[in-house]
Every structure is written in structure tokens, then in C-alpha cells.
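S.K.: Pasting the sequence and the predicted coordinates here, then a few questions.
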Amino acid sequence: MHKSGKYLPGDLHLHSVLSDGSHTLDDILSKAFTDYKLSWLGVSDHGGAFKRDTDGNPLISTNPQGIRGEIYGKKGYMWRSQSIIDYGEPMLNKLRTQYPNKLIIHSVELNVPPKGHACVAILEDEPNALANFEYCFDAMDLDQSLSLEKNNESYEDAILAVKYLEKNYSETSYFIINHPSTFKAFSPRFMRALQDAAPKIVNGFEGIPGHQFRTVRGCYWHENGSDSYLHRTYGGADYFLAKVGGMWDSLLGEGRRFYVFGNSDFHEAGEKLDPYPGEYTKTYLFFEELSKENLLKSIKSGQAFVSTGDLITDLDFYLESSSSKKTMGSWLLTNERTVNLRIKVQLGSNQKLHHIDLITGEVKPQFSPSSKDYDSDENPSAKVYLRINLTEMQQISEKVYEFRTKLELPYLSGYFRLRGTNLAPSTPYETDENGNPLIDDSKERPNTKEIALKDTWFYCNPIFYRQY
């Protein structure tokens with residue numbers, strides 16, 4: 001479907017026995033690459049201190065003399081800044097040899113000070129740069145055994161962390177906020193401040209979190225009270241993504257290059273636990289060749305879409321004027337009021353798409369930190385501009401459908417993004433009359449693997465436009 005490259009599926013967020021996961025990397029990558037056909041992975045064990053080696057054996061038994069900084073932690077626990085170098089990277093190098101046609105990235109799930117999580121990779125001076133970053137900025141790393149400055153306690157330290165990445169690794173690192181609506185960690189102001197501090201590094205968020213087979217979907221059970229609905233999933237999506245006109249649309253409404261991704265957050269496999277990477281959620285990044293340079297380029301440019309349950313396995317999404325054609329993450333500059341829209345999707349082998357929503361919003365100048373709008377989590381201009389039912393699409397081949405039309409641009413400056421689902425509007429427990437996903441945390445019907453597999457969606461990153 002693409003002339004100069006293709007979208008390949010992967011996962012940026014998973015855990016092994018090197019942190020709080022229950023499986024070895026051998027097992028996880030075998031499932032991800034062989035059974036679920038992923039092309040790339042970001043291995044992102046937590047920062048902090050943990051007690052097992054790559055085989056899952058206690059370090060206190062296998063390496064009792066080799067643990068650095070034990071005086072600052074618990075006996076038998078190794079700080080991640082050491083295990084990244086001594087255990088993680090050697091194991092990943094072994095697996096890279098075992099899977100020569102796959103891409104394996106070494107990252108860390110940072111405990112963002114003072115709370116919250118983000119996946120961070122530094123794809124140069126590996127693995128030392130990543131280990132040093134974790135030591136300096138991870139909120140759970142209490143080690144003091146190295147002569148490096150610690151900044152890991154406050155919101156201001158989180159800003160220092162992304163500024164450090166921007167200054168030293170602006171082209172070779174990323175910072176992607178994970179499950180943003182848990183722990184009440186990422187307020188609108190904090191998210192904007194992080195990206196303003198490091199616009200090349202703070203690249204987006206995990207809009208489709210992991211743990212999709214758990215009884216409380218996504219493990220979004222951390223917050224209770226009158227605003228708990230803000231901290232639950234909707235059709236498997238974080239509320240920041242699921243609500244049209246919500247937090248993500250608010251950020252896009254400033255023209256921010258802040259993109260959506262989806263992951264497994266894999267810890268433990270099971271019918272009521274977690275799908276393996278690629279088993280339920282896949283993030284598709286665009287690759288001209290399978291390399292870490294291409295992975296970084298696609299993350300930073302927004303050439304990405306997320307699909308659950310293999311609802312779609314490929315996507316073309318273009319806006320085209322008489323002189324230019326743009327896809328996800330790009331700006332179309334035009335003096336024309338009407339442009340061409342093209343959407344082509346390839347469905348998964350066992351999936352049936354019901355409809356696609358074309359969502360639009362107006363883009364205005366970025367908010368100033370001194371403005372009350374800096375705390376906004378709404379974009380009132382955002383709306384479903386066009387609903388495209390599968391019956392309105394042209395079938396190109398057995399699983400490939402296309403839709404083309406002319407669009408009148410609704411704003412002088414704006415964006416379009418897509419979401420699609422297998423569900424019709426007003427599906428009990430799943431969608432409202434307008435086709436929006438309903439809250440998954442239903443007391444009448446707890447989540448199950450079977451429910452999740454029948455509730456599938458895709459979301460893609462925006463195409464921006466500006467008329468002149």
C-alpha cells in the first residue's frame with residue numbers, strides 16, 4: 001500500500017523478570033515475534049531496584065557479591081542503573097543475534113518524579129546513557145553510590161529530566177507518557193510544561209494502555225471518587241484519547257506534535273491478566289528500513305497508528321491539495337478551501353470494520369503558561385466531521401477498503417484524525433448513540449478477555465492543515 005516503505009507492528013512498553021514482570025525475555029520475544037508477528041519491540045523494564053537475573057533467579061543466590069549500592073537499598077536487590085548494563089543489554093544483544101530480522105530497543109519505564117510513568121529510550125552510547133539517566137532521574141532509584149547528581153523528587157526534577165534529554169540526545173531519545181490518567185500524575189499543565197521544556201523529546205502518550213484482559217481494564221483502578229470516570233478506560237482507550245474534544249484534542253488544538261501510541265504493558269500472561277505484546281494491541285510505525293533511526297523518525301514525526309484486536313493491519317490516510325499531499329504528523333499548507341481525502345485500510349483476517357470517524361478540530365496558537373488555558377483539557381471545536389460506514393467504502397481486494405472524497409476545510413487552521421471500530425452506535429455496554437466508547441469499568445459487567453476481543457478500535461495520528 002506504500003511506495004517507499006511500510007507500517008510495521010510493534011510495542012514500546014513491556015516488562016520482564018528484570019523488574020516486576022513474570023516472564024523471561026526469551027519467552028516474551030518468542031511470543032511477540034513468532035506468534036504475534038511483531039517486527040520491533042521496546043523492552044522497558046521499570047526503574048528502581050529488583051532482585052532477579054534474566055533467568056528469573058534471585059540475585060542474592062546467583063550474584064551476591066556483584067550488587068552495587070546495596071547499602072542504599074534492600075539486600076539482594078540491584079539498582080536498574082546497574083542491571084541495565086550487567087543484565088539487560090547482554091541479554092538483548094543475545095536476542096538480537098537470535099532475531100536478526102527484528103528490531104529490539106532497550107528502554108526504561110521511568111518513575112517520573114514525583115509520580116507517573118514514561119517510557120524513555122536513549123539510542124546512543126548504549127546502554128550507559130540510559131543507565132545514567134535512570135540513576136539521576138528515576139523517582140524510585142535511591143542509590144547514591146555513583147558520583148552523578150540526583151534530580152528525582154519533584155515536578156521540577158521531571159522538567160530537568162526532559163531538558164537533559166533535549167540538550168544531550170535531542171535526535172536519539174524519546175519520552176512517551178504511559179497510561180496518563182492513572183495516579184492523577186499528568187495534569188494538563190504538567191503535560192504542557194514537559195513538552196514546552198523538551199519539544200523534540202516529549203513525543204506523545206500511551207493512548208491505548210496495557211492490561212487489556214484484566215477485570216478492571218487497563219488496571220485503571222487507582223482513583224476513586226466523583227471524578228473516577230476521568231481515570232478509567234473507554235473501549236480500551238485512556239480518557240485523554242477516548243473523549244472527542246478532550247485532553248488530546250486540546251493539545252492538538254495548539255498544533256502540538258504530541259502523538260498517540262498503544263502498548264501491552266505486559267507483566268504476566270493469562271486469561272484474566274495481560275495479552276502478550278502484539279496479542280491484542282499493536283502500534284504501527286512507518287519504516288523505510290527496519291532500523292532504530294527509522295523508529296525514532298516515525299515516533300517523532302507521528303507516522304503511527306494503533307490497532308486493537310487486529311481491527312486493521314495497514315492504513316493510508318492522506319489530505320491532498322492540487323500541489324501537495326500529506327499524511328499523519330504532517331502539515332498541509334494550501335490556498336484552497338477544498339482538498340481531497342483518501343483513506344485506505346487493510347482489515348485483520350478475522351475482523352469486520354463497522355465505521356471510521358473523521359474527527360476535526362481547530363488549531364490556535366499555543367497557550368502561555370500564564371494563561372488559564374494552560375490548564376485546559378478541552379477543545380470545544382473538536383467534533384466528528386464525517387462518519388464513513390464500511391458500506392460506503394470501495395472494496396479493493398478481500399480485506400482492503402478505500403474511501404475518497406472532497407473535503408471542505410472547516411477552519412483556517414486545523415487538523416483531522418481518525419478512529420474506527422467494529423461496533424455500531426448504541427451497542428450495549430460498548431458505545432453510546434453517537435458511537436463514542438462507553439466506560440469499561442461497568443459494575444454490571446466486569447471486563448474479560450472475550451469482551452476485550454469483541455471491542456476493537458483503531459486510532460491514528462493527525463494531519464494538520466493551514467490555509468493561506
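M.R.: Perfect, I can see it now. Remember, predicted model here, so these are calculated numbers, not experimental data.

S.K.: C-alpha only now, for contacts and for neighbours.
M.R.: Will do.

S.K.: what's near enough to touch residue 319?
M.R.: Residues counted as contacts of residue 319 (C-alpha atoms under 8 Å, 6 or more residues apart in numbering) are 325, 326, 327, 332, 339, 340, 341, 342, 463.

S.K.: For the third one, report the pLDDT, please.
M.R.: So that's residue 327. Per-residue confidence (pLDDT) for residue 327: 97.

S.K.: Over to the last one?
M.R.: pLDDT recorded at residue 463 is 98.

S.K.: Could you give the bridge partners of it?
M.R.: Residue 463 has the following beta-bridge partners by DSSP bridges: residue 416.

S.K.: contacting residues around it?
M.R.: Counting by C-alpha under 8 Å, 6+ apart, residue 463 has contacts 318, 319, 326, 327, 328, 329, 330, 331, 332, 415, 416, 417.

S.K.: how far away is the third one from residue 462?
M.R.: Look at residue 326 and residue 462: by C-alpha to C-alpha, to the nearest Å, they are 10 Å apart.

S.K.: More neighbours: these two, which one.
M.R.: residue 462 (30 against 17; other C-alpha atoms under 10 Å).

S.K.: My guess is the more buried one contacts residue 332. True?
M.R.: No. At 11.2 Å, residue 462 does not count as touching residue 332 under the criterion of C-alpha atoms under 8 Å.

S.K.: thinking again about what came up before, return the member of the contacts of residue 319 nearest to residue 114.
M.R.: The shortest approach to residue 114 among these belongs to residue 463, at 33.8 Å (C-alpha to C-alpha).

S.K.: Of the contacts of residue 319, grab the buried ones for ChimeraX.
M.R.: With 16 or more other C-alpha atoms under 10 Å as the burial test, the buried ones among the contacts of residue 319 are selected in ChimeraX as follows:
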select :325,326,327,332,339,341,342,463
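
S.K.: I'd like the contacts of residue 319 written out as JSON lines, with distance to residue 184 and secondary structure added.
M.R.: JSON lines is the format used below for the contacts of residue 319 (distance: C-alpha to C-alpha, whole Å; DSSP: H, G, I helix; E, B strand; the rest coil):
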{"residue": "325", "distance to residue 184": "39", "secondary structure": "strand"}
{"residue": "326", "distance to residue 184": "36", "secondary structure": "strand"}
{"residue": "327", "distance to residue 184": "33", "secondary structure": "coil"}
{"residue": "332", "distance to residue 184": "35", "secondary structure": "strand"}
{"residue": "339", "distance to residue 184": "40", "secondary structure": "strand"}
{"residue": "340", "distance to residue 184": "41", "secondary structure": "strand"}
{"residue": "341", "distance to residue 184": "38", "secondary structure": "strand"}
{"residue": "342", "distance to residue 184": "38", "secondary structure": "strand"}
{"residue": "463", "distance to residue 184": "29", "secondary structure": "strand"}
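
S.K.: and the gap between residue 25 and residue 283?
M.R.: 20 Å.

S.K.: Show me which of those two is the more surrounded one.
M.R.: More neighbours surround residue 283 than the other of residue 25 and residue 283, with 30 against 23 (other C-alpha under 10 Å).

S.K.: The more buried one in helix, strand or coil?
M.R.: strand (DSSP: H, G, I helix; E, B strand; the rest coil).

S.K.: now it: how far from residue 92?
M.R.: Using C-alpha to C-alpha, we find residue 283 at a distance of 21 Å from residue 92.

S.K.: And residue 394, by the same measure?
M.R.: Relative to residue 92, residue 394 is positioned 44 Å away (C-alpha to C-alpha).

S.K.: So which of the two has more stuff around it?
M.R.: Each of residue 394 and residue 92 has its neighbours counted (other C-alpha under 10 Å); residue 92 has more, 17 against 13.

S.K.: For the more buried one, what is the enclosing helix or strand?
M.R.: Using DSSP states H and E, residue 92 maps to helix 89-98.

S.K.: beta partners of the closest residue in space to residue 322 that isn't next to it in sequence?
M.R.: Nearest non-adjacent residue to residue 322, counting by C-alpha to C-alpha, 6 or more residues apart in numbering: residue 339, 7.9 Å away. Beta-bridge partners for residue 339, by DSSP bridges, are residue 407.

S.K.: Go ahead and confirm residue 339 touches residue 404.
M.R.: No. Using C-alpha under 8 Å as the test, residue 339 is too far from residue 404 to be in contact (10.7 Å).

S.K.: can you give me the offset of the top helix by length along the chain from its chain's centre?
M.R.: Longest helix in the chain, counting residues (DSSP state H): helix 155-169. Put simply, helix 155-169 sits 20 Å off its chain's centre (C-alpha atoms, centre = their mean, to the nearest Å).
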